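Asker: only geometry, no sequence info:
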Ligand SMILES: CC(C)=CCC/C(C)=C/CC/C(C)=C/COP(=O)(O)OP(=O)(O)O
C-alpha cells in the first residue's frame, strides 16, 4: 500500500536529522578546519548555530513541501524512500526563509513560541537562517542517489534561478512595507507572492521533475501547479491571520493581529483599501503605518477588512488559483492516486486551520 501524506512525516524528520547536525562536535569542526591550530569551543558554536536551527525544527511545521516533493517523485514512477534527503532541500530552505522573514518583519511569534531573534538575538538568528539556505546544497554535493551529472547541474541552475526570484519577491514585499501608502494592485500582489512564496513551490516540483528526468514541458506544468498552489496557500495564510485574530480559527502560532502589527500589504488590505470609504481607508492606513497598535486599534483594522468583504474576496481568488493549478496537471499522465493527492492538496492549502 502506498503511504499517505501523514505517513511520511517520521521519515522526513529522520532525513532532516541526518542532514542538519544536532551536535557540533570536534569531528564536525575538523571537517571544516582540517587540523585546527586553535582550540575551538564546540559548545559555543552549538549555541550559535545548531541550537537555534533545532529550536525551530523541533517546534514542528507542516513539512508539506517535503511531502509534496515525495508525491511528485512517486507520481513520476520513482521510489520516494530513495529520495528522502532531496525532500529536505525545499523544507530546510523554507525554514531558513521564515527565520530571516521574522527578523525582517519584526515578528513576535513563530510556531507558537517567540520568533528566533527574540530568544537568540538578530545576529544569531540571521546566521542560522542563512546557514539553512546552504545546508541543503550539501545533499546535491553528496548526491546519495548518484544522479547523472547533467541532472545535478540542472538542479543547481534551477535552485539558483528560483532562489534569486524568491528574494526579488521578498524585496518587493519589504519595499511595500516601507511605503506610507498601500499602492499595490491585486495583480501586483499576486506577482509578488508568485516570487516570494511561489518559487519555493516551484523548487519542490522542479526538483522532483529534474531528478525523475521529465521533459521540460512536464517540469514547467508541475512548476506552474506548485506556484499557483503556493500563492493560494499564501492567500490562505493571510486569511488565517485575520480569522485567527477574529477568534474564528485554531491556534495559528502567531501573535494576535500579526499582519496588522507588521503593517503588511496583503490581498485583504489591498481589497479593503479599494472598497472602503475614504474615512475607513485613512484609518486603516494610519493603523498599518503606526509603530505600535493597541488591541482595540488592531480590532478596528480587522473590522474594516471584514466589513469590506475582503475575506470572501480573497478566498474566491485563492479558490480560482487552486482551480488553475489543477488545470495545469490535468493533461499530465499521473496515476489516479497521485492525481487525487495533487487535487486534494490544492484544497488543503485553502481549507486549513494552522
Ligand atoms: C527570502 C525570504 C526571507 C523569503 C520569505 C518568504 C516567506 C517567508 C514567505 C511566506 C511563506 C509562508 C506562507 C510561510 C508559512 O509556511 P507554512 O505554514 O508551511 O509554515 P510551517 O512550516 O510552520 O508549517
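Answerer: Happy to help now that I have it. Keep in mind that what you see is a predicted model, and the values were worked out from it rather than measured.
Asker: For the helix or strand hosting residue 99, buried residues please.
Answerer: Element membership of residue 99 [criterion: DSSP states H and E] is helix 84-105. For helix 84-105, the buried set under the neighbour-count rule, 16 or more other Cβ atoms under 10 Å, comprises 84-105. The C-beta positions use only the backbone N, C-alpha and C, and glycine is treated the same way.
Asker: Quick one: check that helix for contact with the ligand.
Answerer: Yes: Helix 84-105 reaches the ligand (Cβ under 6 Å from any ligand atom) through 97-98, 100-101.
Asker: just the residues you listed now: which is nearest residue 41?
Answerer: Using Cβ to Cβ, residue 100 comes nearest to residue 41 of the residues of helix 84-105 next to the ligand, at 26.2 Å.
Asker: just checking, that closest one touches residue 127?
Answerer: No: contact between residue 100 and residue 127 fails when scored by Cβ atoms under 8 Å: they sit 10.3 Å apart.
Asker: Next one: the spatially most central residue of the chain, what pLDDT does it get?
Answerer: Nearest residue to the geometric centre of the chain (Cα atoms, centre = their mean): residue 94, 4.7 Å. Listed pLDDT for residue 94 reads 98.
Asker: Show me where the stretch 1-150 of the chain has its helices.
Answerer: 9-19, 26-33, 42-45, 51-58, 64-75, 84-105, 116-120, 122-134, 137-142, 149-178 (DSSP state H, counting those that start in this stretch).
Asker: Please name whichever of those is nearest to residue 354.
Answerer: Closest approach to residue 354 among the helices of the stretch 1-150 of the chain is made by helix 64-75 (11.0 Å; Cβ to Cβ).
Asker: Give me the contacts around the closest one.
Answerer: Applying Cβ atoms under 8 Å, 6 or more residues apart in numbering, the set of residues contacting helix 64-75 from outside is 2, 5, 8-9, 12, 15, 79-80, 83-84, 86-91, 94, 200-201, 204-205, 207-209, 211-212, 222, 226, 334-335, 338, 341-342, 345, 348.
Asker: repeat that for 7 Å
Answerer: Outside helix 64-75, the residues that touch it by Cβ atoms under 7 Å, 6 or more residues apart in numbering are 2, 5, 8, 12, 80, 83, 87-88, 90-91, 94, 200, 204-205, 207-208, 211-212, 222, 226, 334-335, 338, 341-342, 345.
Asker: again with stretch 10-25
Answerer: So stretch 10-25 is contacted by 28, 42, 45-46, 49-50, 53-54, 57, 63, 66, 84-85, 87-88, 91-92, 135, 138-139 (Cβ under 7 Å, 6+ apart).
Asker: can you pull the buried residues of it?
Answerer: Under the neighbour-count criterion of 16+ other Cβ under 10 Å, stretch 10-25 has 11-13, 15-16, 19-21, 24 buried.
Asker: Return the residues of the protein in contact with the ligand.
Answerer: 61-62, 64, 97-98, 100-101, 111, 166-167, 170, 196-197, 234, 237.
Asker: rerun that using 8 Å as the cut-off
Answerer: Remark: the part of the chain in contact with the ligand comprises 59-65, 91, 94-98, 100-101, 104, 110-111, 129, 166-167, 169-170, 173, 196-197, 200, 230, 233-234, 237, 253, 354, using Cβ under 8 Å from any ligand atom.
Asker: next one: phi and psi at the residue in the stretch 51-200 of the chain that the ligand sits nearest to?
Answerer: Of all residues in the stretch 51-200 of the chain, residue 61 sits closest to the ligand, with a separation of 2.9 Å (Cβ to the nearest ligand atom). With angles defined as degrees, to the nearest 10, residue 61 sits at phi 100, psi 160.
Asker: Now do it against residue 145, distance only.
Answerer: 25 Å (Cβ to Cβ, to the nearest Å).
Asker: re the thing from before, which of the buried residues of stretch 10-25 lies closest to residue 218?
Answerer: Of these, the one sitting nearest to residue 218 (Cβ to Cβ) turns out to be residue 12, at 24.2 Å.
Asker: my guess is the residue of the stretch 51-200 of the chain closest to the ligand meets residue 111, correct?
Answerer: Yes: with contact defined as Cβ atoms under 7 Å, residue 61 reaches residue 111; the gap is 6.4 Å.
Asker: which stretches of the stretch 151-300 of the chain have low pLDDT?
Answerer: The model of the stretch 151-300 of the chain has pLDDT under 70 over residues 249-252.
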